[in-house]
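A.B. asks: structure of the sequence below:
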Amino acid sequence: IQMAFLIVSIFPKLFVIGMFFFNMGKILGIIGGGQLGMMLTEAANNMKSEISNVIVLDPTKNCPASKVGAEQIVADFKDATAITDLAKKCDIITYEIESGDSQVLKSLEEVCEINPSPETLEIIQDKLVQKKFLAKNNIQVAEFSEILSKEQIESKISEFGLPVLLKTRTGAYDGRGNFKITSLGQIPEALEVFKGQSLMIEKFVDFKMEVSVIASRSTSGEIRTYPLVENIHEDNILKMTIAPARINETISKNAEEIAHKTMEVLHGAGVFGIEMFVTNDDQVLINEIAPRVHNSGHHTLQSSKTSQFEQHLRAILGLELGSTELVYNTIMYNILGPRDFTGIYKSPSIDLENTFLKMYGKLESKPQRKIGHVNLVDKDNLGTEKLLEIINTVSDSIKIIPA
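C.D. replies: Predicted coordinates:
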């Protein structure tokens, strides 16, 4: 009887201890809590046996990721104390933005797992270093050079011809930090715009299409790529992604092979967005690499068997990567804040079959700010041209307007 009483009395404690050991999901830290962090958190919420909690570091209170269940550390992306605090609270850290301090992250690799590797983040954060790295590994990019003076710009224009692109080496995204020089007279203006910043110059690529490959590599070294997609930009910001790209199979395979080779030489696990140009003579050049889930991969939420967000988590957790098969042709359309409006806006709605609206929970619209996106999925085999007609009609109904 005493033995039975003892067993009954300690059973609840044994149950709690057992639950602790069986629920060994990792705590995931994300540097950045914007829309990409939000969708990573949503994917993590569906993987509770592998991820028990998500903590994001973001300077904006009530960031999008926090609205779908992530804990938040409110601090700048480069705040060393905050990054250290995040590392101590987490089993693994990843990024949704390239702005984290790579040196601090390097110093924390023994505290927690970090993927993609801080070494890779450091390479990608500096566009000149990134281009040198790719060229060293025989991955084709546009001709480029470091710029330290006005005379060097003039010299490179003489070599490359006009136009050229003057770029800041760090801290730019969505076309910010680019200045297209079309005449020698613009050089003083370009230097004034980028005064005090480290610069590089690139030969202008006369491309017929901008494309990208969403590629993934797991901690075990497994590599998978999603089919090549076509990207249409407006004012240097992605407006629309067409999956798959309207390109021939030879170019598509070439781009995917380049993406695969790129993943082999970069360190660390995760999803990478690899942006490319297809030139008029059908050459494929890498433009830029993002060591994270990417805007041009949002279509995978409805088009593919495995979304890029789940794939990223599977990669950094060392799980088998999911299928990258494109189940449905899809067009992703970005919802951007109007150029002439800042403030509280009225959330759009849409009622159209096979159309999926995703809003990011941002309270305020700003010029060209990414507020949400729409995926138009071709479940009825209408064809890409018909989808483009529909998306142009839909775009009028989802414009951001003041509340």
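A.B. asks: hey, where'd the helices end up in this structure?
C.D. replies: Here the chain has its helices, by DSSP state H, at 2-22, 35-45, 80-89, 102-107, 118-125, 127-136, 150-160, 187-193, 249-265, 300-303, 308-317, 384-397.
A.B. asks: got those as a markdown table, with distance to Pro291, mean neighbour count and mean pLDDT columns?
C.D. replies: The way it works is simple: take the backbone N, C-alpha and C, and place the C-beta from them, glycine included. A markdown table is the format used below for the helices of the chain (distance: least, Cβ to Cβ, whole Å; neighbours: other Cβ atoms under 10 Å; pLDDT from 0 to 100):
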| stretch | distance to Pro291 | mean neighbour count | mean pLDDT |
| --- | --- | --- | --- |
| helix 2-22 | 33 | 9 | 46 |
| helix 35-45 | 12 | 25 | 98 |
| helix 80-89 | 16 | 17 | 98 |
| helix 102-107 | 10 | 17 | 98 |
| helix 118-125 | 5 | 20 | 97 |
| helix 127-136 | 10 | 19 | 98 |
| helix 150-160 | 28 | 15 | 97 |
| helix 187-193 | 27 | 14 | 97 |
| helix 249-265 | 11 | 17 | 97 |
| helix 300-303 | 17 | 24 | 98 |
| helix 308-317 | 10 | 26 | 98 |
| helix 384-397 | 29 | 14 | 93 |
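A.B. asks: put together CSV for those helices, with distance to Thr342 on each row.
C.D. replies: Converted to CSV, the helices of the chain look like this (distance: least, Cβ to Cβ, whole Å):
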stretch, distance to Thr342
helix 2-22, 48
helix 35-45, 18
helix 80-89, 28
helix 102-107, 32
helix 118-125, 29
helix 127-136, 29
helix 150-160, 35
helix 187-193, 22
helix 249-265, 37
helix 300-303, 28
helix 308-317, 29
helix 384-397, 21
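A.B. asks: could you pull out the strands in the stretch 251-400 of the chain for me?
C.D. replies: Secondary structure of the stretch 251-400 of the chain by DSSP state E, counting those that start in this stretch: the strands cover 270-279, 284-290, 330-336, 343-346, 355-359, 364-365, 370-377.
A.B. asks: nearest approach to Gly383 belongs to which of those strands?
C.D. replies: Among these, the nearest to Gly383 by Cβ to Cβ is strand 330-336 (11.3 Å).
A.B. asks: circling back: distance to Phe194 and mean neighbour count added to the strands of the stretch 251-400 of the chain, as TSV?
C.D. replies: Shown next, in TSV, are these (distance: least, Cβ to Cβ, whole Å; neighbours: other Cβ atoms under 10 Å):
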stretch	distance to Phe194	mean neighbour count
strand 270-279	21	24
strand 284-290	18	21
strand 330-336	25	25
strand 343-346	30	13
strand 355-359	34	17
strand 364-365	28	16
strand 370-377	24	22
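A.B. asks: picking that back up, out of the helices of the chain, which comes closest to Ile286?
C.D. replies: It is, among those and with distance given as Cβ to Cβ, helix 127-136, at 5.9 Å.
A.B. asks: which other helices and strands contact the closest one?
C.D. replies: Counting contacts by 3 or more Cβ pairs under 8 Å, 6 or more residues apart in numbering; DSSP states H and E, helix 127-136 packs against helix 118-125, strand 144-147, strand 199-203, strand 284-290.
A.B. asks: just how off-centre is it within its chain?
C.D. replies: Remark: helix 127-136 is offset 19 Å from the chain centroid, using Cα atoms, centre = their mean, to the nearest Å.
A.B. asks: cool, and stretch 232-242?
C.D. replies: 14 Å.
A.B. asks: list the buried ones in that stretch?
C.D. replies: Neighbour counts over stretch 232-242 (16 or more other Cβ atoms under 10 Å) mark 237-238, 240-242 as buried.
A.B. asks: span of stretch 235-255 from start to end?
C.D. replies: Using Cα to Cα, to the nearest Å, one end of stretch 235-255 lies 25 Å from the other.
A.B. asks: what sits up against that stretch?
C.D. replies: Identification of contacts with stretch 235-255 by Cβ atoms under 8 Å, 6 or more residues apart in numbering yields 174-176, 178, 209, 211-213, 227-233, 276, 278, 282, 284, 295-296, 298-299, 303, 326, 329-334, 336, 368, 384, 388, 391.
A.B. asks: run through the residues that contact the closest residue to Asp85 other than its chain neighbours.
C.D. replies: Excluding its sequence neighbours, the residue lying closest to Asp85 (Cβ to Cβ, 6 or more residues apart in numbering) is Ile73, at 6.3 Å. Listed by Cβ under 8 Å, 6+ apart, the contact partners of Ile73 are 55-58, 82, 85-86.
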